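K.L.:
model the following, please.
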Amino acid sequence: MKKLTIALGLAAVLTTGQGAWAEDDLNIKVYKSPTCGCCGDWVDHLEENGFEVDVTDTNNMNQVKMDAGLTPQLASCHTAFIDDYVIEGHVPAADIRRLVEDKPMAHGLSVPGMPAGSPGMEMGDRKDNYQVLLFNKAGQTRVFADYH
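P.N.:
Presented below is the predicted three-dimensional model:
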C-alpha cells in the first residue's frame, strides 16, 4: 500500500508541481507599503501559486528591512518571511518553493530593485533580465535563478 501512496503522491507532484509538503509549509508573512500596487500584485502571485499569505501594511519598511538584516544592495519594495528565510522583492513563487524544499544554508532570497516582467511587475511584453540571489547574513550572494 505504501508504494501506491508514494506513486499517487508523485503523480500529484508531476501534475500540480507541488509536493505533499506544500499545503503546510507555504505560509508566508509579507510586509509592504499600504500604497504599493506592485506589492499587492506579488501577493496575488503567491496566492495563485498555493501560498497562504499574511500581509501587514506598514509605512516603516526601512525598519523592517534593517531588522531582517538586509543590505541596501539587496533591497526592493516588500519583505517577506517564510520558515527561517527572508524573501526580498519580486521573487517568483517557484523559487521560494525550491528554497523551502531544499533548505540551503542561507539567510534568504532577493530580487534587488523592481525588474519589469518579474512577478508583480508585469508590464505588457516588457521583460527585463534579472536574477534571484541567494544571500547569507553577511550579505554575500550567489545566483539562485536567472531569468532572461
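K.L.:
and G19, what's its pLDDT?
P.N.:
On pLDDT, G19 comes in at 43.
K.L.:
do D25 as well
P.N.:
pLDDT for D25: 71.
K.L.:
residues contacting it?
P.N.:
Counting by Cβ atoms under 8 Å, 6 or more residues apart in numbering, D25 touches D83, V100. In short, each C-beta sits where N, CA and C put it, glycine included.
K.L.:
contacts only, for F51.
P.N.:
Taking Cβ under 8 Å, 6+ apart as the test, what F51 contacts is L26, N27, I28, A93, I96.
K.L.:
closest one of the residues you listed to H45?
P.N.:
Within the contacts of F51, the smallest distance to H45 is 6.1 Å, found for A93 (Cβ to Cβ).
K.L.:
for that closest one, which non-adjacent residue is closest in space?
P.N.:
Using Cβ to Cβ, 6 or more residues apart in numbering and skipping the chain neighbours, the partner closest in space to A93 is N49 (3.6 Å).
K.L.:
number of residues surrounding that neighbour?
P.N.:
Counted by other Cβ atoms under 10 Å, the residues lying close to N49 total 17.
K.L.:
hang on, it packs against D95?
P.N.:
No. Using Cβ atoms under 8 Å, N49 makes no contact with D95, being 10.7 Å away.
K.L.:
so how far is stretch 33-51 from its chain's centroid?
P.N.:
The chain centroid and the centroid of stretch 33-51 are separated by 11 Å under Cα atoms, centre = their mean, to the nearest Å.
K.L.:
could I get the phi/psi values of V53?
P.N.:
When read as degrees, to the nearest 10, the backbone of V53 gives phi -110, psi 130.
K.L.:
burial count for it?
P.N.:
Neighbours around V53, by other Cβ under 10 Å: 17.
K.L.:
and the helices in the chain, which stretches?
P.N.:
Ranges of helices within the chain are 2-16, 22-25, 37-48, 61-67, 93-102, based on DSSP state H.
K.L.:
got a list of what the residue nearest to A93 touches?
P.N.:
So N49 contacts A93, A94, R97 (Cβ under 8 Å, 6+ apart).
K.L.:
touching, the last one and L46? I think so.
P.N.:
No. Judged on Cβ under 8 Å, R97 makes no contact with L46 at a distance of 10.3 Å.
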